[in-house]
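Colleague: I would like to see how this sequence folds:
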Amino acid sequence: MADSLAILNAIRDVAGSEYQARIPQATRENIASVGNTILSYAPTANSFFTGLLNRIGKVVIERMDGVEDIYDVFENGKLEFGDTIQKIFVDIPKAQAFDGTATTAMLNQSKGTIHVEYTKVDRKIFYKTTISVAQIKEAFTTVAKLDEFVRALIEAMSTALSYDKYVMLTNTLATHCAYVMSAKESADSESDDNNNFRYLLLPSTVAEWNDTSKEIEWSATGAKVFLKLLRVASRGLKFPHPLSYGNEFDDSDPDYDAGTISVVRTPVNKQVCALEVSTMATIDVDALAVLFNIDKAEPKTRMIELEDGALGDYTDADSKDYHLAGFICDRDGVERGTSFEDKDSFKNPEAEYVNMWNHYWGYMAVSKFKDFVPILVPHK
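Modeller: Got it, this is the predicted structure:
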């Protein structure tokens, strides 16, 4: 934990000249008087809390035990301008036979297939916390109490956002798993040979989902067989293959499927494998790391432990139930980013309390142009 005296003085260093003129350097001996001086004047109080949340908070948060960010591998950083991201995928052209007698072919059009999707900033939320001035004054009585106060304040503000981001992206992933399966069923009804949707369905002889105990029941050799099936699915993604993403067929052109990309591939070192905690405990995690080319010294960011039941279930058109136990995906196919984040505070001198706000605007999405393979276990 950062020293609260260092925090106080760091805030003073970056504050304006009026703040510096009113507030002396903080020491262990004068901490109480510094606190009283800060809180006795609304502008300095506002400067203090704004500085605490904006400039110092991130440093302190990095050293705290908060909500683990299991989805950090999907973080895209900050969207500096606008509120929409356009993603364009240009499909490969088809080979054509050489014709030495074609004299005007150079003037013919050969329209390439361009696929476009948009991600929009769709989450604009804020968190508000109110603390009484009496509580703050109590915190300024000793360095230890101020340490505890700063930690509790920042942890409360950051943990709320971290938890909500975790829940929102988990729900987004669950929705996409169900989308892939329903889109495949829709495509199968249109074409008997459409195998461009990829998913991994474990045979009931390997594993079954017990809806009563809410757990996967593995056969005696199920864990080993699962690793083999996982390897086959993973290695299949590294070879060029078509990818469907569920759009309707274009009836005006029988040779053109508006929802299919001719060739994609996902190298093993770009693949992310997400499995439920209980599954991770059942299989050989070291073998899983080798499977996805994760070096022992490399952080296991491409192996995600999901909360059991996080992705929910899927029911197909024949009313058969399956448990969504995880997925394999392209690291670049899942996106989470921030477009705007701001922290501010305001001291109410009449009611003697301080309000603090933490604003977050961001986006979360799963691209239809990248590999995403749901892992399903049949219900018992």
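
Colleague: surely Val354 is in contact with Ala134?
Modeller: No. In this structure, Val354 is not within contact of Ala134 by Cβ atoms under 8 Å, at 10.9 Å. To be clear about C-beta, it is placed using only N, CA and C from the backbone, and glycine gets the same treatment.

Colleague: helices of the protein, residue ranges please.
Modeller: 4-14, 17-22, 31-39, 42-51, 57-61, 133-139, 143-190, 222-237, 277-282, 285-291 (DSSP state H).

Colleague: show me where the stretch 201-350 of the chain has strands.
Modeller: Taking DSSP state E, counting those that start in this stretch, the strands of the stretch 201-350 of the chain run over residues 207-210, 215-218, 241-244, 260-264, 271-276, 303-306, 313-315, 321-330, 334-348.

Colleague: burial count for the nearest residue to Cys329 once chain neighbours are set aside?
Modeller: In space, and not counting its chain neighbours, Cys329 is closest to Phe372: 4.6 Å by Cβ to Cβ, 6 or more residues apart in numbering. Phe372: 26 surrounding residues under other Cβ atoms under 10 Å.

Colleague: do the same with Asp342
Modeller: 13.

Colleague: again, but for Ala233
Modeller: Neighbours of Ala233 (other Cβ under 10 Å): 18.

Colleague: cool, and the one 3 residues further on?
Modeller: The number of residues packed near Gly236 is 16, by other Cβ under 10 Å.

Colleague: distance check, it against Tyr199.
Modeller: 11 Å (Cβ to Cβ, to the nearest Å).

Colleague: also Lys238?
Modeller: 17 Å.

Colleague: and for Leu229?
Modeller: Separation of Leu229 from Tyr199 (Cβ to Cβ): 11 Å.

Colleague: go on, Thr130?
Modeller: 48 Å.

Colleague: which one's more surrounded, those two?
Modeller: Comparing Thr130 with Tyr199 by other Cβ under 10 Å, the one with more neighbours is Tyr199, at 19 against 10.

Colleague: list the beta-bridge partners for Pro271.
Modeller: Not quite, residue 271 is Gln, not Pro. Note on Gln271: beta-bridge partners by DSSP bridges are Asp330.

Colleague: Ile328 is in contact with that one, correct?
Modeller: Yes. Counting by Cβ under 8 Å, Ile328 is a contact partner of Gln271 at 5.8 Å.

Colleague: what stretches of the stretch 151-300 of the chain score poorly on pLDDT?
Modeller: Applying pLDDT under 70 to the stretch 151-300 of the chain flags residues 186-197, 245-259, 296-300.

Colleague: about what we covered before: if I look at the residue nearest to Cys329, how far off is Asn76?
Modeller: Taking Cβ to Cβ, one finds Phe372 at 17 Å from Asn76.

Colleague: if I read this right, Leu173 contacts Leu311, doesn't it?
Modeller: Yes. If you go by Cβ under 8 Å, Leu173 and Leu311 touch, sitting 6.5 Å apart.

Colleague: got any residues that touch both of those two?
Modeller: Common contacts of Leu173 and Leu311 (Cβ atoms under 8 Å, 6 or more residues apart in numbering): Phe327.

Colleague: any idea what Ile375 is bridged to?
Modeller: Applying DSSP bridges, one finds that Ile375 bridges with Leu200, Gly326.

Colleague: count the neighbours of it for me.
Modeller: For Ile375, the count of nearby residues is 26 (other Cβ under 10 Å).

Colleague: hmm, Cys329 and it touching each other?
Modeller: No. At 10.7 Å, Ile375 does not count as touching Cys329 under the criterion of Cβ under 8 Å.

Colleague: can you pull the phi/psi pair for Leu202?
Modeller: In terms of degrees, to the nearest 10, the main-chain angles of Leu202 are phi -70, psi 130.

Colleague: just give the closest residue to it, not the sequence neighbours.
Modeller: Leu202's closest residue in space is Val377 (Cβ to Cβ, 6+ apart), at 5.1 Å.

Colleague: if I pick that neighbour, what's in contact with it?
Modeller: Taking Cβ under 8 Å, 6+ apart as the criterion, Val377 is in contact with 202, 207-209, 216, 322-323, 325.

Colleague: among those, which one lies nearest to Leu5?
Modeller: Relative to Leu5, the closest of the contacts of Val377 is Ala325; by Cβ to Cβ it sits at 49.8 Å.
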